[in-house]
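Enquirer: missing the sequence, but the structure's below:
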């Protein structure tokens, strides 16, 4: 007890009485019983969203930021997919009332034209025509979102054109891609095919142009005219430079012939003759892809049948200097030519959208292409269009196994590492990301992306990924991606506040990697980068500017006009005893020593927080001290109102969220296997902490219910110090009033 006595004595000296700390016993769990009411209560942010969306015109791109009405704007949103983009009107109403309460001011409508029926609003016959009833439902959803102050991004389909019988008029060789699916009445173009095929491009353009010219009867505006339509995405998760690059040429004789003719023409302009080509490439390079594409066995420039072949493995600098040295120049030429095709397709699309009278932001794609040469060619193709958009995920599991690690162990890792693709003079968007169930640490995702991505790195837009929701909290866990899971959406009243209010200062650009695009054609890059990828889960790193830099200072890629050396970033200057402190001084990330370790703190005038594995620590954050007594938690103290801070606000919110599990859900002792999924209701892990707020006046701490509505219950406060205990209080929300 001697330590407690000393703590109390010290607190008395500064006018604060501390409450006895709790031990680190096994946490309790309580049932989450939100009614998902749209009533604002103490947590609602409806009045933070200007209504209707686009009231003062369009969101526009100015250099490296998005601006609205002359000021920078942050979009904090989620995804809806397939037929969830065109719901029954009752559900559309419910979403438009529910989302703003949690600070959601943007929705990405994704895969709304991926097919017909459950797959979207396409007509039964064509990708470019729409089912009238389904389109009207989407019109209504868009109108209701706009009315609520929510902007819409349009992402038409998964990325491959799923063509119907009527689309033979545009793509007469579509049968070369495979047989029609008898049930769906569709045939899919292979990944990357769009960039090879002018016919597919025309169909793709007609699909979006038809929608943009369509007048929404519920707004009175065409989609092109409506400023609530803030972004049009050209194509989802596609690049001609990815591992899918050779697939369309393997499948389609027509594409082989046409692309062979174009590439051969390009090579003739560069080398003059077949002899000149052989001298540059070496005789062994011709016909060397016969194993991958057998039809290339008789390649000859005069036959106009040479194909641009390769993928990120072949284009990797290590392979170009090693196993692929004998065809290095062929691979570099192919890479440069394919990059040109991707740029050409993007340019054609942008011109068509402008012709359709759409004046809003357009982005290329959100994919990547391996590392080094192909990676930066691909990034530059997106850069030429506009805002840079990327995707990343974390966690998940297969066949019962769980990747149940935490991103907090390694600063700058996981989904945050997608920021290694931010470009100096472009806005940045992460339009798909989430901790994949059954990973249990989902609350750290919004916490990290909100603080370090949208804050320190200055990202402009976030869309967490899910397929659908009911305009309410999820009643049970189980879908791989679910923003409305209580442990995810539950922290939004704190995170969305600091994101939309701009509490966390953006760092100056202090770490820049320079890329000279013409030098890529020579295989030259000034630094060594690393990209690891397992499906949607990706991690990015670099030697001169490591991923951990993202926890310290703004890190960007700059496309330079000439070759320029990339300086090494002196990360050690910002690290002490495993703690990385941001250059702004507001964020401190303590690295972990195991997969379930590490935490960070936020210390700004309007938001204070401790996130992660910080049990037993005392984090002094200016006028607020937070002492977590739980193994893992995200604990926030934030000003309730938009234009106030902790010193001035009449009311502060305390939000405390940890893990969530279904009733009856079982995880192995080592956390690596999901033994039983369980069922609803969802149980929330109780969070315990001692919180001290040093501020004049006598505060009252009111327990809020799971919808953020005040209850009659209060907590004792001793000179600004109080103790939250989710096991006792059975809530993640508290209101501190002065």
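Expert: On my side now, so go ahead. Quick caveat: nothing in here was measured; it's all calculated off a predicted structure.
Enquirer: Residue 380 contacts residue 517, correct?
Expert: Yes. Contact criterion Cβ atoms under 8 Å: residue 380 and residue 517 qualify, at 5.3 Å. Heads up, the C-betas are built off the backbone N, CA and C, glycines and all.
Enquirer: Next up, phi/psi of the residue lying closest to residue 193 once chain neighbours are set aside, please.
Expert: Leaving aside its chain neighbours, residue 193 sits nearest to residue 248 (3.9 Å; criterion: Cβ to Cβ, 6 or more residues apart in numbering). The phi/psi pair for residue 248 (degrees, to the nearest 10) reads phi -60, psi -40.
Enquirer: And the protein, what are its domain boundaries?
Expert: 2-37+581-737, 69-244+342-507, 251-338, 511-573 (automatic domain parsing).
Enquirer: which stretches of the stretch 401-550 of the chain form helices?
Expert: 444-448, 486-489, 492-501, 517-520 (DSSP state H, counting those that start in this stretch).
Enquirer: Can you tell me what sits against the second one?
Expert: Going back to what we said before, that points to helix 486-489. Helix 486-489 is contacted from outside by 32, 34, 102, 434-435, 442-443, 445-446, 464, 473-474, 482-483, 657-660, 682, 684, 706, using Cβ atoms under 8 Å, 6 or more residues apart in numbering.
Enquirer: now it, how far from the chain's geometric center?
Expert: 17 Å (Cα atoms, centre = their mean, to the nearest Å).
Enquirer: mean confidence for it?
Expert: What helix 486-489 shows for mean pLDDT is 98.
Enquirer: out of the helices of the stretch 401-550 of the chain, nearest to residue 270?
Expert: helix 517-520 (14.0 Å; Cβ to Cβ).
Enquirer: picking that back up, tell me if I'm right that the residue nearest to residue 193 and residue 192 touch.
Expert: Yes. Counting by Cβ under 8 Å, residue 192 is a contact partner of residue 248 at 5.6 Å.
Enquirer: Need the per-residue pLDDT for the most centrally placed residue in the chain.
Expert: Nearest to the mean C-alpha position of the chain, by Cα atoms, centre = their mean, lies residue 430 at 2.9 Å. For residue 430, the pLDDT comes out at 98.
Enquirer: so how far is residue 345 from it?
Expert: Separation of residue 430 from residue 345 (Cβ to Cβ, to the nearest Å): 24 Å.
Enquirer: Which parts of the stretch 251-400 of the chain are helices?
Expert: Counting by DSSP H, counting those that start in this stretch, the stretch 251-400 of the chain has helices at residues 253-271, 274-281, 312-315, 317-320, 328-355, 372-385.
Enquirer: Need the three-state assignment for residue 183.
Expert: Under DSSP: H, G, I helix; E, B strand; the rest coil, the three-state class of residue 183 is coil.
Enquirer: number of nearby residues for it?
Expert: 6 (other Cβ atoms under 10 Å).
Enquirer: For burial, what's the neighbour tally of the closest residue to residue 498 other than its chain neighbours?
Expert: With sequence-adjacent residues excluded and distances taken as Cβ to Cβ, 6+ apart, residue 498 is closest to residue 607, at 4.2 Å. For residue 607, the count of nearby residues is 29 (other Cβ under 10 Å).
Enquirer: same deal with residue 572?
Expert: For residue 572, the count of nearby residues is 7 (other Cβ under 10 Å).
Enquirer: Phi, psi for it please.
Expert: According to degrees, to the nearest 10, residue 572 has phi -60, psi -30.
Enquirer: I'd like the distance between it and residue 565.
Expert: Going from residue 572 to residue 565 by Cβ to Cβ gives 20 Å.
Enquirer: any idea which element the closest residue to residue 37 other than its chain neighbours lies in?
Expert: Of all residues not flanking residue 37 in the chain, residue 707 sits nearest, at 4.9 Å (Cβ to Cβ, 6+ apart). Per DSSP states H and E: residue 707 is located in neither a helix nor a strand.
Enquirer: Is residue 707 in contact with residue 40, as I believe?
Expert: No. Taking contacts as Cβ under 8 Å, residue 707 lies outside contact range of residue 40: 9.6 Å.
Enquirer: Confirm that residue 227 sits in a helix.
Expert: No. Read with three-state DSSP, residue 227 is coil and lies in no helix.
Enquirer: show me what contacts the nearest residue to it once chain neighbours are set aside?
Expert: In space, residue 227 comes closest to residue 54 once its chain neighbours are excluded; the distance is 2.9 Å by Cβ to Cβ, 6+ apart. For residue 54, the contact set (Cβ under 8 Å, 6+ apart) comprises 146, 151, 226, 227, 228, 230.
Enquirer: Now render those as a markdown table, adding distance to residue 667.
Expert: Output for those, formatted as a markdown table (distance: Cβ to Cβ, whole Å):
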| residue | distance to residue 667 |
| --- | --- |
| 146 | 42 |
| 151 | 38 |
| 226 | 46 |
| 227 | 47 |
| 228 | 42 |
| 230 | 40 |
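Enquirer: For residue 734, pull up the helix or strand it's in.
Expert: Per DSSP H and E: strand 733-737 holds residue 734.
Enquirer: how far off helix 492-501 does that strand point, in degrees?
Expert: Angle between the axes of strand 733-737 and helix 492-501 is 60 degrees (criterion: axes from the mean of the first three to the mean of the last three Cα atoms, to 10 degrees).
Enquirer: which outside residues touch strand 733-737?
Expert: So strand 733-737 is in contact with 42-43, 493, 637, 640, 650-656, 693, 699-706, 708, 710, 715, 724, going by Cβ under 8 Å, 6+ apart.
Enquirer: Do a quick rundown of the strands in the stretch 601-738 of the chain.
Expert: Using DSSP state E, counting those that start in this stretch, the strands found in the stretch 601-738 of the chain span residues 607-612, 619-621, 624-628, 633-639, 651-657, 660-663, 666-667, 674-676, 679-685, 688-693, 700-704, 710-715, 721-725, 733-737.
Enquirer: neighbouring contacts of the first one?
Expert: I take that to be strand 607-612. 406, 408, 443-444, 447-448, 451, 494, 497-498, 503-504, 590, 598-602, 617, 619, 621-622, 624, 626, 628, 632-639, 646.
Enquirer: hmm, back to that, which of residue 707 and residue 40 has more residues huddled nearby?
Expert: residue 707 (20 against 15).
Enquirer: circling back: of the contacts of strand 733-737, grab the buried ones for PyMOL.
Expert: The following PyMOL line selects those of these that are buried, judged by 16 or more other Cβ atoms under 10 Å:
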select buried, resi 42+43+493+637+640+651+652+653+654+655+656+693+699+701+702+703+704+705+706+708+715+724
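Enquirer: Now stretch 99-115: average pLDDT?
Expert: Stretch 99-115 comes out at a mean pLDDT of 97.
Enquirer: How far does that stretch stretch from one end to the other?
Expert: Distance between the two ends of stretch 99-115: 27 Å, counting by Cα to Cα, to the nearest Å.
Enquirer: do stretch 543-552 as well
Expert: OK, stretch 543-552 end separation, Cα to Cα: 16 Å.
Enquirer: Likewise for stretch 716-727?
Expert: In stretch 716-727, first residue to last residue: 16 Å (Cα to Cα).
Enquirer: wait, residue 628 sits on residue 658?
Expert: No. Counting by Cβ under 8 Å, residue 658 is not a contact partner of residue 628; they are 9.7 Å apart.
Enquirer: joint contacts of those two?
Expert: Shared contacts of residue 628 and residue 658, defined by Cβ under 8 Å, 6+ apart, comprise residue 687.
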